[in-house]
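Peer 1: Show me the folded form of this:
(chains A, B, C and D)
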Amino acid sequence: MSFPLLTLTAAVPAAGAILTAAVPAARRTAAKWLALLVSLATLVLAAVVFVRFEPGGERYQLTESHSWIKDFGVRYELGVDGIGVALIALTALLIPFIILAGWHDADPLETSSKRWRPTQGFFALILMVEAMVILSFEATDVFLFYVLFEAMLIPMYFLIGGFGDRAHSGSDENAAAQRSYAAVKFLLYNLVGGLIMLAAVIGLYVVAGNFSLTEIAEARANGSLEMATNTERLLFLGFFFAFAVKAPLWPLHTWLPNAMGEATAPVAVLITAVVDKVGTFAMLRFCLGLFPEASKWATPAIIVLALISIVYGALLAVGQRDIKRLVAYASISHFGFIILGIFAMTTQGQSGATLYMVNHGISTAALMLVAGFLISRRGSRLIADYGGVQKVAPVLAGTFLIGGLATLSLPGLAPFVSEFLVLVGTYSRYPVAGIIATTGIVLAALYVLVLYQRTMTGPVKEEVRTLPDLRARELAVVVPLIAVLIFLGVFPKPLTDVVNPAVQHTMSDVQQKDPQPTVPNVEAAQ
Amino acid sequence: MSATAVHSLWTTAAVEPLNKIPAPHIEYTQLSPVLIVIGAAIISVLVEAFVPRKGRYVAQVFLSVLALAAAFAAVVALAAGGYGTTKAQIAAMGAIAVDGPALFLQGTILLASIVAIFTFAERRLDPADHGHKVDSFAAEAAAVPGSEQERAAVKAGFTTTEVFPLALFAIAGMLVFPAANDLLTLFVALEVFSLPLYLLCAVARRKRLMSQEAAVKYFLLGAFSSAFLLFGIALLYGYAGSVSYATIARVVDGAVVSVDPALADTMGNDVLLLIGFAMVLTGLLFKVGAVPFHMWTPDVYQGAPTPVTGFMAAATKVAAFGALLRLLYVVLPGLTWDWRPVMWGVAIVTMLGGAIVAITQTDIKRLLAYSSIAHAGFLLAGVIAATPSGISSVLFYLGAYSFVTIGAFAVVTLVRDAGGEATHLSKWAGLGRRSPLVAAVFAVFLLAFAGIPLTSGFSGKFAVFKAAADGGAGALVVVGVLSSAIAAFFYIRVIVLMFFSEPKADGPTVAVPSALTTLTITAGVVVTLVLGLAPQPFLDLANQASVFVR
Amino acid sequence: MENLIALLVGVPLLGAAVLLCGGRRLDRTGHWLGTLLAAVSFFIGLALFADMLGKSADDRAMHQRLFTWIPVEGFQADIAFQLDQLSMTFVLLISGVGTLIHVYSIGYMEHDERRRRFFGYLNLFVAAMLLLVLADNYLLLYFGWEGVGLASYLLIGFWQHKPSAATAAKKAFLVNRVGDMGLSIAIMIMFTTFGTFAFGPVLASTGEASQGTLTAIGLMLLLAACGKSAQVPLQSWLGDAMEGPTPVSALIHAATMVTAGVYLIVRSADIFNAAPDAQLVVTVVGAVTLLFGAIVGCAKDDIKKALAGSTMSQIGYMILAAGLGPIGYVFAIMHLVTHGFFKAGLFLGAGSVMHGMNDEVDMRKYGGLRKYMPVTFVTFGLGYLAIIGFPGLSGFFSKDKIIEAAFAKGGTEGWILGSVTLLGAAITAYYMTRVMLMTFFGEKRWQNDENGEPPHPHESPRSMTIPMILLAVGSVAAGAYFEFAGFVEWLEPVTGYAHGHPPISAAAVTAATVAVMVIGVGLAYLQYGRRPVPVVAPRGSLLTRAARRDLLQDDFNHAVFVTGGTHVTRSLVYVDHTLVDGVVNGTAAAVGGLSGRLRKLQNGYARTYAVSMFGGTAVLIAATLLMRAV
Amino acid sequence: MNPVNYLYLAALLFTIGAAGVLIRRNAIVVFMCVELMLNACNLAFVTFSRMHGNLDGQIIAFFTMVVAAAEVVVGLAIIVSVFRARHSASVDDASLMKL
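Peer 2: From the prediction side, this is the model:
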């Protein structure tokens, strides 16, 4: 048993969360800095993981394994493959910016009592979420994963319900009501999904006798573990349902707009850029890894749902009046792409999907956080309340535009790479699906540019005339994100190198080969 | 006619010459836990009689805690001595079984009782009355509410220290209940712990009318149910010619067939067996609080003094499920195919009924009552598994659940306004803002009830469902999952209320408890988290304890 | 030498980065920097050109591979460049005209406080456009393709405070995206067919792919071309694009970007050669557009919109020529280059006119300007002569060749295309003459601007006139130069060339061309030279009114896509809220209602509870007995 | 005569008692009905004891009486205190808690 690096990556933020929560009420700023430092430390650890991981090596590396609840056949088993590494990196990268962006989101109002310590709670919860998410990317034990998958709902729930966006239309009570509605909706949707998954998890235990991903996959591979077709399908559905709620996939998506609309921008980013990724990640690792046959069986239906998500999400994004809800629906559309790529079952599709998870995380963060800065200035989430911002706050407008262009996956920015891979991967197996999905890029352009036009251009609205441009702290949040977007857009190699082998493994899990070109390729290079 | 039949000395005496009555021998060591508690109970009655009022409270608390601790020590000693596993045997001429489940449950009951007694003894919460520190029990239960006599009693600073002996008797009965190895002992034990409970329900200090009403309902319905139980016992006796579990089991298996033509239509008559079984089941399901025998639960839980409610909710469930397990696994294993479908039905309606009705509750104590009903459903799912893992899972669940419950009710005692405890949910709005710690603790309990991972509630639920699925009751698992989804909704609602809604101006205050209640709550939280994070040792314990002696 | 290729793109890209991130401190010098960098890349281009001329015709193509862009199993996308004669031509055109227009903009944007950013965008455009023509695979081309789209978006909407500008920019980007869809689908088909999308292998192995596949690819590429090059049915954005500053219209929406579609088709020559059906569609699109644009051009009173219509029409010629196959490719490119010169010149002229007339664009409010701005008049006039194909000027040569090739297509097709091109030539002459007359001749019809100031037209500053002069020179000489310096031989190794034999003699075609040109001019003179031009546009014929509204194309789009789309989204929002969400909330409500009803059973009466117990027991007994019975 | 008839009687008594519990309002009467049910049980015990020829049933009957007595003590105590508080022994009046 080597040095428990993976455990540490999750333990640091967890410990940080507890410490942050313990900071006395008066020392609010100290809590903020503590949280920031912890998240940075986690980032360093994640970097170490990224470096220590050898793309060519074992499928799961840096593994750890301890007995936990032997009665349930549960072990504390950790290990990362390329996909996990990439997503851990994403999480660890985003959290510091989320914390920085939410610097003032949880400052207590004058009215609240002295013993109520929202700030400490806010940052502690964020760190707690980070810890759980990272650990869930590392878990190679189905039960352990499930536990985290469910447990992370609680801190998220308090983040959504407890620290709403202060910019809202209508009275405070009204806003509070909407907020708790959103929080409850979030929790119940995911809890129901999780509970159905619980049934499947138990079923899996009955069938397999243990929860170790590696062992089960192995047993399935060498035929020592037979699964009746229907059993496998039921279990698959149980798992997939939970992940589809989390991802979210049409028609299980309606919790996302509420949650993202009511939460503060950083928390919204946390939801869509980090936590939801656990769902798509789990589809790739557990659905395909444990139930290859059933996955193939369900593929057509899932492809259709994914396509619906893409188009439907984009169209609804066009129809939104609320900036944050618009971004939420855009994310639904993007998750459609990710799921499409996963279930296209081609190398390009799945590599694309994995990159997409990372890139979508960063691009949405950029767009949403800038939007958050804008909203916090004007105190309104309604698109109609803005206009001509680029005149008074050019830098803000510029960064917002870049975020938007990333969202519509302009070549040169990271999302293009992943989106194109997904499209190509899908087309090569399901041409029609590929073509339908391409309409998504037009719609994306539509909702992004309409949003930009309505908020940033045109004559300057009276209320926005006094808005200040981005401050140093805010620049410190946005600029690095944009830098990463551009870098990964032009040179995604570091990421693909890590991801490719993992995708090969997944492909072999489902025993799928890429469709070969109809015309044998005459010497690739001229 | 079986040699091990209870009190066979009497029956043999009828035919044998008088001069050779074999003295019944009692294994005092094995029975020591029960004996200690009963002894303590009797002593504390004497204390009531002879110790001057001033000293009673201290004496009683000291005595009961000491006795319970001693009894627990005895249980541990027995378990360590292997009586739970290898040396498991049937004591007291077949009346009481001393085996794994019995010891495990007795241990659980005793621990739960100790913490419960702490809440009984709490005297810090209520504002001092005429300079006397008061607990949550009436100054003089006999006095008419609001009467001159009552006022005098309050002025004089009387307190109902009788609750301690009553509790001790009840505990003694509960200790016997899951260990009872023949139907008569079962019945007697049932009454021994029921009657004190009826009284305990009636002695609340505040809202006395409700308290008395709760007592009446509990008493009448309890008596009603025990009548069913008794008639069932009669029928089983008629079926098997004996009330000892072992004998009945053998007759059920067909090992013993009567030769006497006179018994042709009774002995081994399955109709008697089935009806009798159903009626006995009624009695037990009543105590468990399973639908449709649950209707007393909300009213009694609401009316009874909250410490008593917590005590009942935890200890009674443990005892009743213990007895149920023993009955189904020892007496009627041969009947599994008859009782399983029936229990399936009961389990399903209990899970769903409890969860669904709870949604619209507005009183925190009633809410917890319905949640306890839903949990009874989950436990039944484990009982139905009819496998050793089923037994151990139920044992584990009971252990986890009882601490969560007592803790939760202990928190309820803290939230007070002018009229005593503020149990209406609307009063709890914004509690999280006013006193985050208490709210957080309560949230932990609620999450455990809801079965969120990393709490004992999840471990227990998982264990039970796993056992059920193993035992081929997959459908039950699905229903259970659905109903826990529904249940989640109302636990969440309370959390929303506490944390996300603004505090009311006239909201309740959170009393600062003495060390006693604090201890109780802490114990609850600790157990909840420990069993959630590292349940393995306790699961091992439950596994070792999951074998019934026959 | 190859290693310089990357610099062609890199230098202006650097400029864009510096200017856009540099901040206020560059406001002073920014424009100089931008211009300088554009010029640098032009000179690098020249150097490479010289180097290329040094080599033999067949191994002139140079390659430079930087690094692998997207390395995924079985999917290799490189950042790699290919510089052959075709690319070279474009490089020189883009960087050359680009530089001139940088210079011009220094004067034109003098009073704009965001001039630095303007130059940043211009550099960005040059970089993206060069990337487009230098890419050695379709994916990288797509990169540049969208890059120019972005630059054009930013530049059209440069005056964002004008809602019209912002809308126009958005429209341009969206319509282009539709085209881009085509390009990306084409790339997907290539990948699944050939397993790669690098020019070399794909174009080399077209022979082995099925007819249908190639046609599909061809059509998708055409769709892309239509988007960028404003061909029917995706032409609607170009007119509105004139909202951008005039230099932008000159550079992007006349000389370079809009011709990218032609480049794409010529570059994919092998594919189209192997897919006649696709080719036919290309020619049809070209023919339709050239008439469409010409007609629109006749009706517009806004000088830039008139020129925009003409641009559409001229690109129609190129697309048509490209559709003709080997007999047309070369001339498509040739016309493209000459058009680059004279159309840029015309736009700059228009800009200079507006500059003098306080940004008035309505030609009906011009008139008699020739004495006030002689240089503009002369340069504009030369451009005018060039575009109508006045013998000896550049437009004459290139257009004439296309018309010949069109006839040479042979068969009825040949006749139809040929006559269409001829008709187009006539209309071109007509509307250009109209512009010329309304602007520079006749009596003054000037109007005071909003604050009552009468305009006092004046010649523009050096920085503006010099580029105009240079371009005028180009528009005069380019055609002849190409004709005699052997443009055909230059391009042939890349595009291939087959001499077309028109059914009638080349001389006859030329004669016809000149004839229709004269007719067009004559008509225009009769209508606008002889009688005074009304300041307020007459109602005009049905066709005129339709043409003023871009032949109702916008109205159609609006009715179908905008209005229809709005309805769709609205209804979907409703559905999402009521149906998708409603189902869930409905279930919740149902459970709640059930709960409420069950709750009533708990009525507080002990006897009711007893009843439920009794009933329960009865059921238990019944069930147990039943179990045994069955 | 056939002892089985006593069983039928016991069943009858038990049913009557149960019916009484369900029907009667007065707490005392309800409680008496419960006692009746208990005694029905006793009759059954004794009868079975006779049929089986062992004394267990009779012994149990004694236990039952004791228990019943204890129940009376507790029960009456509760009912009387309620009666004094409300001046009514109707179980239906005692319905503060519902829903």
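
Peer 1: check whether stretch B:342-352 contacts chain C.
Peer 2: Yes: judged by C-beta under 8 Å from any C-beta of the partner chain, stretch B:342-352 comes into contact with chain C at B:342, B:345-346. For glycine as for every other residue, the C-beta is placed from the backbone atoms N, C-alpha and C.

Peer 1: and residue 11, what helix or strand is that in?
Peer 2: Looking at chain A here, since you left the chain open. helix A:5-22 (DSSP states H and E).

Peer 1: nope, chain D
Peer 2: Here D:Ala11 is assigned to helix D:4-23, by DSSP H and E.

Peer 1: Please spell out which residues along that helix are buried.
Peer 2: Within helix D:4-23, the residues scored as buried using 16 or more other C-beta atoms under 10 Å in any protein chain shown are D:6-7, D:10-11, D:13-14, D:17-18, D:20-22.

Peer 1: same thing with stretch D:58-67?
Peer 2: By neighbour count on 16+ other C-beta under 10 Å, the buried set for stretch D:58-67 is D:58-61, D:63-64, D:67.

Peer 1: Please apply the same query to stretch C:28-37.
Peer 2: Applying 16+ other C-beta under 10 Å to stretch C:28-37 flags C:30-31, C:33-35, C:37 as buried.

Peer 1: Name the residues that touch it?
Peer 2: Residues outside stretch C:28-37 that contact it (C-beta atoms under 8 Å, 6 or more residues apart in numbering or on different chains): C:11-12, C:14-15, C:18-19, C:22, C:26, C:99, C:102-103, C:105-106, C:109, C:115-116, C:118-120, C:122-123.

Peer 1: and that stretch, how far from the chain's centre?
Peer 2: Taking C-alpha atoms, centre = their mean, to the nearest Å, one finds stretch C:28-37 lying 26 Å from the centre of the chain it belongs to.

Peer 1: Please apply the same query to stretch A:278-286.
Peer 2: Worked out by C-alpha atoms, centre = their mean, stretch A:278-286 lies 11 Å from the chain centre.

Peer 1: pLDDT on that stretch, on average?
Peer 2: The average pLDDT within stretch A:278-286 is 92.

Peer 1: contacting residues for C:Glu73?
Peer 2: A:347-348, A:351, A:500, A:503-504, A:514 are the contacts of C:Glu73 under C-beta under 8 Å, 6+ apart.

Peer 1: if we go to 10 Å?
Peer 2: Neighbouring residues of C:Glu73 by C-beta atoms under 10 Å, 6 or more residues apart in numbering or on different chains: A:346-348, A:350-351, A:496, A:500-501, A:503-504, A:507, A:514.

Peer 1: sorry, back to before: now do the helix holding D:Ala11, average pLDDT.
Peer 2: Mean predicted confidence for helix D:4-23 is 92.

Peer 1: Break down the stretch 251-400 of chain C into its helices, ranges please.
Peer 2: Ranges of helices within the stretch 251-400 of chain C are C:260-267, C:269-273, C:276-299, C:303-323, C:329-356, C:374-387, C:394-408, based on DSSP state H, counting those that start in this stretch.

Peer 1: who wins for proximity to B:Ala400 among these?
Peer 2: Taking C-beta to C-beta, helix C:260-267 is the member of those nearest to B:Ala400, at 69.5 Å.

Peer 1: ok, the residue nearest to B:Ala41 when sequence neighbours are not counted to B:Lys317 distance?
Peer 2: Closest residue in space to B:Ala41, ignoring its immediate chain neighbours: B:Leu168 at 3.7 Å, by C-beta to C-beta, 6 or more residues apart in numbering or on different chains. Computed as C-beta to C-beta, to the nearest Å, the B:Leu168 to B:Lys317 distance reads 19 Å.

Peer 1: More neighbours: which of those two?
Peer 2: Neighbour tally, B:Leu168 and B:Lys317, criterion other C-beta atoms under 10 Å in any protein chain shown: the higher count belongs to B:Leu168, 29 against 24.

Peer 1: Name all residues that make contact with the more buried one.
Peer 2: Shown in contact with B:Leu168 (C-beta under 10 Å, 6+ apart): B:36-45, B:60, B:63-64, B:67-68, B:71, B:113, B:117, B:196.

Peer 1: So which of those are in helices?
Peer 2: Among those, DSSP state H puts B:36-45, B:60, B:63-64, B:67-68, B:71, B:113, B:117, B:196 in helices.

Peer 1: Verify the stated contact: B:Val251 with B:Val243.
Peer 2: No: counting by C-beta atoms under 10 Å, B:Val251 stays clear of B:Val243, with 11.5 Å between them.
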